[in-house]
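Trainee: Everything below, folded, please.
(one chain, ligands or ions: 2)
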Amino acid sequence: MAKISVLGAGSWGTALSVLLCDNGHEVILWSRRKEEADELREKREHVSKLPGVRLPDGMMFTSDLDEALPDRDLLVMAVPSIAARGLARRIGPGLPKGQLIVNVAKGIEEETLLTLSEQIEEEIPQADVAVLSGPSHAEEVGRKLPTTCVIGAHHKETAEILQNIFMSPVFRVYISPDILGIELGAALKNVIALAAGTADGLGYGDNTKAALITRGITEISRLGIAMGAKADTFYGLSGIGDLIVTCASVHSRNRKAGYLIGQGKTTEQAMEEVKMVVEGVYSAKAAIGLAEKYQVELPIISQVNKVLFQGKSPGEAVQELMLRDKKIESWDSRWEEKVN
Ligand SMILES: NC(=O)C1=CN([C@@H]2O[C@H](COP(=O)(O)OP(=O)(O)OC[C@H]3O[C@@H](n4cnc5c(N)ncnc54)[C@H](OP(=O)(O)O)[C@@H]3O)[C@@H](O)[C@H]2O)C=CC1
Ligand SMILES: O=C(CO)COP(=O)(O)O
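Mentor: Ligands and ions are numbered 1, 2, ... in the order given. Okay, here's the model as predicted:
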């Protein structure tokens, strides 16, 4: 049994806490709001974020970091990406050397273009930071539906420790050393999911969705490979796997926000209506920064940015994508041309 604190009581932090409790670990779920911690303890349900999922009797709740942090084998960071650095800065000074931290949020910092684990490592250099990602909607993990994820870590031993902690008959966990590839896939699939939702909102069909998924993973992997990630990772759970689920699922916040934008709502109105964090909106800007830095073309992500932040109409964005220069689908040595 491990002593674990999950930091962030949103839908994902709550669902993972249930999983970890069911796996026999001692779990404290930290919320930044006392009212929320009290309500979770009393009702044994997160009514607004994960309705219908009973929180196990043994699960503990606090809003006090002094209770959540000391003497934990593992800290799970489950706050939205824009809050990750701030929380890491706040908790870092008190943590011991080698503190195991697994980040489960998905995003890239707009100003620095750093992934979340890189930000956490900057703020808590003494920690051993890993990531968990994959096609895993909280609503389904909460209902104990079969789910698969991948854990990325610097050291194989760390990855194996985490694999043992998270793995269950309903939650299968693979391991990988490609932290960068995992985190890029996680953050960028949300931007493509915004596009997929927008296509749904515009009334387009399955062909359009398949096109966005397929050309989307091409964009993501092109950037990732230029940054030094491993190509195979983008065709794994944290890449194409998570892209498929986020573009298709009724649970996806990013797809939902895109849908509302396709129906004519502004970015702000869509985010407001979804109520939970829409990470793709933040990662979209960061992706453009990365594309410029690594000189990589990201046509879909570029159009998503124009729709999100420059008031471009989604229909016009689709037209521009359809009428781009003619291309070869993928590089082939028999036709030695550069492909974008
Ligand atoms: N939901 C899912 O299915 C999955 C989500 N993820 C990722 O997990 C991350 C969290 O998402 P999710 O749980 O869905 O988000 P939610 O919108 O459900 O909840 C976010 C939670 O974070 C809290 N929070 C916001 N800012 C801060 C802060 N500065 N300090 C501490 N806590 C803060 C919020 O508190 P408050 O209520 O007070 O605002 C809220 O409890 C995201 O990066 C998401 O992409 C990954 C896989 C699956
Ligand atoms: O990352 C997720 C599922 O793997 C959750 O995606 P959304 O934030 O779009 O709901």
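
Trainee: In contact with residue 303, which residues?
Mentor: Applying CB atoms under 8 Å, 6 or more residues apart in numbering, one finds that residue 303 lies in contact with 195, 312, 317, 318, 320, 321. Every C-beta, even on glycine, is put in place using the N, C-alpha and C of the backbone.

Trainee: That one belongs to a strand?
Mentor: No: applying DSSP: H, G, I helix; E, B strand; the rest coil, one finds residue 303 to be helix, outside a strand.

Trainee: for this protein, which residue is closest to the average position?
Mentor: residue 106 (2.7 Å; CA atoms, centre = their mean).

Trainee: helix/strand/coil for it?
Mentor: Assignment for residue 106 (three-state DSSP): coil.

Trainee: tell me which of the contacts of residue 303 is nearest to residue 11?
Mentor: Nearest to residue 11 out of those is residue 195 (CB to CB; 22.7 Å).

Trainee: could you dump the helix or strand containing that closest one to PDB, C-alpha only?
Mentor: Per DSSP states H and E, residue 195 falls inside helix 179-201. Only the C-alpha atoms of helix 179-201 are listed here, as PDB (Å, rounded to 0.1, in the frame of the first residue of the first chain):
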ATOM      1  CA  ILE A 179       8.000  11.700 -21.400                       C
ATOM      2  CA  LEU A 180       8.200  14.400 -24.000                       C
ATOM      3  CA  GLY A 181       6.300  12.500 -26.700                       C
ATOM      4  CA  ILE A 182       3.600  11.600 -24.100                       C
ATOM      5  CA  GLU A 183       3.200  15.200 -23.000                       C
ATOM      6  CA  LEU A 184       3.100  16.600 -26.500                       C
ATOM      7  CA  GLY A 185       0.500  14.100 -27.600                       C
ATOM      8  CA  ALA A 186      -1.600  14.900 -24.500                       C
ATOM      9  CA  ALA A 187      -1.500  18.600 -24.900                       C
ATOM     10  CA  LEU A 188      -1.900  18.900 -28.700                       C
ATOM     11  CA  LYS A 189      -4.700  16.400 -29.100                       C
ATOM     12  CA  ASN A 190      -6.900  18.800 -27.200                       C
ATOM     13  CA  VAL A 191      -6.400  21.400 -30.000                       C
ATOM     14  CA  ILE A 192      -7.300  19.000 -32.700                       C
ATOM     15  CA  ALA A 193     -10.400  17.900 -30.600                       C
ATOM     16  CA  LEU A 194     -11.500  21.600 -30.600                       C
ATOM     17  CA  ALA A 195     -11.400  21.400 -34.400                       C
ATOM     18  CA  ALA A 196     -13.300  18.000 -34.400                       C
ATOM     19  CA  GLY A 197     -15.900  19.500 -32.100                       C
ATOM     20  CA  THR A 198     -16.200  22.600 -34.300                       C
ATOM     21  CA  ALA A 199     -16.700  20.300 -37.400                       C
ATOM     22  CA  ASP A 200     -19.500  18.600 -35.500                       C
ATOM     23  CA  GLY A 201     -21.000  22.000 -34.600                       C
END
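
Trainee: per-residue pLDDT, residue 251?
Mentor: pLDDT, residue 251: 96.

Trainee: Repeat that for residue 90.
Mentor: On the pLDDT scale, residue 90 gets 98.

Trainee: Get me the contact residues on the stretch 51-200 of the chain for ligand 2.
Mentor: Counting by CB under 6 Å from any ligand atom, the stretch 51-200 of the chain comes close to ligand 2 at 106, 135, 136, 137, 190, 193.

Trainee: ok, how many other residues are close to the fifth one?
Mentor: Other residues near residue 190 come to 31 when the count uses other CB atoms under 10 Å.

Trainee: same check, this time on residue 38
Mentor: Around residue 38 there are 14 residues (other CB under 10 Å).
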